[in-house]
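Asks: compute the structure for the input listed below.
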Amino acid sequence: MKKVMVALLLLSMMLNPAWAASKKVRSIQKQAAPDKTAGKAALPEKQDPYKAFIVVEAVTGRVLEGENIHQRLPPASVAKLMLALLVVEKLEAGQIKLEDRVNATADACRMGGSQVFLKQGESFSLEEMMQALLVASANDAAYAIGDFLCGSRESVVETMNLRAKELGMADSAFFSMHGLPPQKGQEPDLTSCQDLSVLSRMLLRHPKILEWTSIKTIPFRQGQFIMRNHNRLLNRFTGMDGLKTGYYREAGFCIAATARQNALRLIVVVMGSPTARIRDRIVEEKLKKWFALYEMAEVIKKGEIVEMEIAVSGGKQKTLKGVTEQGFSYPVPREEKKMLQKEIILPEKISAGVSQGQKLGEIVIRFKNEPVGRVGVLSPIRIEKSGFFSGMFN
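Replies: Next comes the predicted model:
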């Protein structure tokens, strides 16, 4: 009897649609269990974090570290720094003013990529356009500034290349003022990490460049448009205050960056990174490394008394100690600071009739026995000649 009941129960379960469906699913899942090796997609090859980079001490231009520093690569929007140099040099020469109006031409308004959406016929001050160029990386502003400076695209590009040649930027060839990817039949802008470091050092001579490139956000067109700096390191790295980022697909992510800590300024250029995050990480790593290894050593202070007496003949005062004309600091590896030496070059004796501020000699500063600087030594006072009777008495 029990065998009959079990048989009937099994028959009932087999005829039940839900049980049959679950059995079928389990069977399919078992058959479909994937082979852990067959058909497995190959993992992508590890991407290099950059195509080239350089680390430079800004005062001396000394290359601290680098890789492929002369490799010619497209800089993308970092090329706008060359245009910026033309602007600040013309400003310094008094040829243009920040209050000058820059008109938005039809060609400028047709520019793509990053832009501030200029409309034909609009005009903005050169100051506003430079903010748009260096904060928002606006291609339309770049074109308008180029027209303002030189009258045409061809003329401004020629001027950029002439100035680059004067600076010894032998790896560089510019074909645009904005750094966009070339259109069909055009050549791409090309430069190198070495050349961009030279350009960056030249730009740092002009305070307006750091003023513009350190701006994080600023309104444009009376607040209708908020421009945001593409350099995210301004918010993340202590001392970061410029210069410019760039990107398009073939160029990769590029940057010319500078930071200052404890009077020491470094420049890092990275080109051809696969992502902005990787590019920025490389910059941070290099800056942290070299700020830890180097320091700006103060060798001489301005107005410092030089402890070497000079005899004065025929004067109301018989001896004199000079003072330094200016201060002098020099970047050195922390462990080599003792290799900085000073050589004082002064006469043992001078004649009276010395004027205040008169140059008496100089101090030569040497690092590893190589001269790296000179500072004048001046007379802090006036020394008149003594009178006839005073001279006889003396």
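Asks: what ranges do the strands span in the stretch 1-150 of the chain?
Replies: Per DSSP state E, counting those that start in this stretch, the stretch 1-150 of the chain carries strands over the ranges 52-57, 63-67, 101-103, 123-125.
Asks: let me have the ones you listed in TSV, extended by mean pLDDT.
Replies: Shown next, in TSV, are those (pLDDT from 0 to 100):
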stretch	mean pLDDT
strand 52-57	98
strand 63-67	96
strand 101-103	95
strand 123-125	95
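Asks: give me whichever of the ones you listed is most buried.
Replies: strand 52-57 (a mean of 24; mean count of other CB atoms under 10 Å). (C-beta placed from N, C-alpha, C; glycine too.)
Asks: now that strand, how far from the centre of its chain.
Replies: 10 Å (CA atoms, centre = their mean, to the nearest Å).
Asks: put the alpha carbons of that strand into PDB.
Replies: Provided in PDB are the C-alpha atoms of strand 52-57 (Å, rounded to 0.1, in the frame of the first residue of the first chain):
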ATOM      1  CA  ALA A  52      56.500  62.800 -21.600                       C
ATOM      2  CA  PHE A  53      57.100  65.000 -18.500                       C
ATOM      3  CA  ILE A  54      59.600  67.400 -17.100                       C
ATOM      4  CA  VAL A  55      60.200  69.000 -13.600                       C
ATOM      5  CA  VAL A  56      62.000  72.300 -13.600                       C
ATOM      6  CA  GLU A  57      63.200  74.700 -11.000                       C
END
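Asks: mind giving me the packing neighbours of it?
Replies: strand 63-67, helix 193-203, strand 264-273, helix 276-293 (3 or more CB pairs under 8 Å, 6 or more residues apart in numbering; DSSP states H and E).
Asks: of those, which is nearest Lys321?
Replies: strand 264-273 (31.5 Å; CB to CB).
Asks: give me the most central residue, this protein.
Replies: For the chain, the residue nearest the mean C-alpha position is Ala257 (2.7 Å; CA atoms, centre = their mean).
Asks: for the strands of the stretch 1-150 of the chain, give me TSV that also has distance to Gln356.
Replies: What follows is the strands of the stretch 1-150 of the chain, written out as TSV (distance: least, CB to CB, whole Å):
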stretch	distance to Gln356
strand 52-57	36
strand 63-67	42
strand 101-103	48
strand 123-125	45
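Asks: list the contacts for the residue lying closest to Met227 once chain neighbours are set aside?
Replies: Leaving aside its sequence neighbours, Met227 sits nearest to Ala136 (CB to CB, 6 or more residues apart in numbering; 3.9 Å). Residues near Ala136 by CB atoms under 8 Å, 6 or more residues apart in numbering: Ser114, Gln115, Val116, Phe220, Met227, Arg228, Asn229, His230.
Asks: if we use 10 Å, what do you get?
Replies: For Ala136, the contact set (CB atoms under 10 Å, 6 or more residues apart in numbering) comprises 114-116, 215, 217-218, 220, 225-230.
Asks: how about Pro371?
Replies: Counted by CB under 10 Å, 6+ apart, Pro371 has contacts Glu343, Val364, Ile365.
Asks: in strands, which of those fall?
Replies: With strands defined by DSSP state E, the entries of the contacts of Pro371 inside them are Glu343, Val364, Ile365.
Asks: could I get those in JSON lines, plus columns for neighbour count?
Replies: Formatted as JSON lines, the ones in strands among the contacts of Pro371 follow (neighbours: other CB atoms under 10 Å):
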{"residue": "Glu343", "neighbour count": "11"}
{"residue": "Val364", "neighbour count": "14"}
{"residue": "Ile365", "neighbour count": "20"}
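Asks: any idea which of the residues you listed is closest to Thr275?
Replies: Ile365 (43.5 Å).
Asks: per-residue confidence for that closest one?
Replies: According to the prediction, Ile365 has pLDDT 96.
Asks: what of the one 5 residues further on?
Replies: Taken from the predicted model, the pLDDT recorded for Glu370 is 94.
Asks: all strands of the stretch 201-350 of the chain, in order?
Replies: Going by DSSP E, counting those that start in this stretch, the stretch 201-350 of the chain shows strands at 217-220, 225-228, 240-248, 252-261, 264-273, 294-300, 310-313, 319-320, 323-324, 328-333, 340-345, 349-351.
Asks: from Tyr50, how far out is the residue nearest to Met227?
Replies: Using CB to CB, to the nearest Å, one obtains 25 Å as the distance from Ala136 to Tyr50.
Asks: how does the chain divide into domains?
Replies: 52-295, 301-393 (automatic domain parsing).
Asks: what about Phe220, how many residues close to it?
Replies: 20 (other CB atoms under 10 Å).
Asks: quick one: end-to-end distance for stretch 307-318.
Replies: In stretch 307-318, first residue to last residue: 16 Å (CA to CA, to the nearest Å).
Asks: quick check: mean pLDDT of that stretch?
Replies: 90.
Asks: can you offset everything so residue one is 22?
Replies: With 22 as the first residue, the last one maps to stretch 328-339.
Asks: may I see the buried residues of that stretch?
Replies: Met329, Ile331, Val333, Gly335, Gly336 (16 or more other CB atoms under 10 Å).
Asks: quick check: the gap between the closest residue to the second one other than its chain neighbours and Val393.
Replies: Among residues not flanking Ile331 along the chain, Leu341 sits closest, at 4.8 Å (CB to CB, 6+ apart). With distances defined as CB to CB, the gap from Leu341 to Val393 amounts to 28 Å.
Asks: looking at those two, which is more packed in?
Replies: Leu341 (20 against 16).
Asks: how far away is the more buried one from Val375?
Replies: Leu341 sits 7 Å away from Val375, going by CB to CB.
Asks: between those two, which contacts overlap?
Replies: Counting by CB under 10 Å, 6+ apart, the residues touching both Leu341 and Val375 are Ile331, Val333, Leu381, Ser400, Ile402, Ile404.
Asks: adding distance to Leu104, write those out as CSV.
Replies: Shown next, in CSV, are the shared contacts of Leu341 and Val375 (distance: CB to CB, whole Å):
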residue, distance to Leu104
Ile331, 52
Val333, 56
Leu381, 46
Ser400, 47
Ile402, 50
Ile404, 54
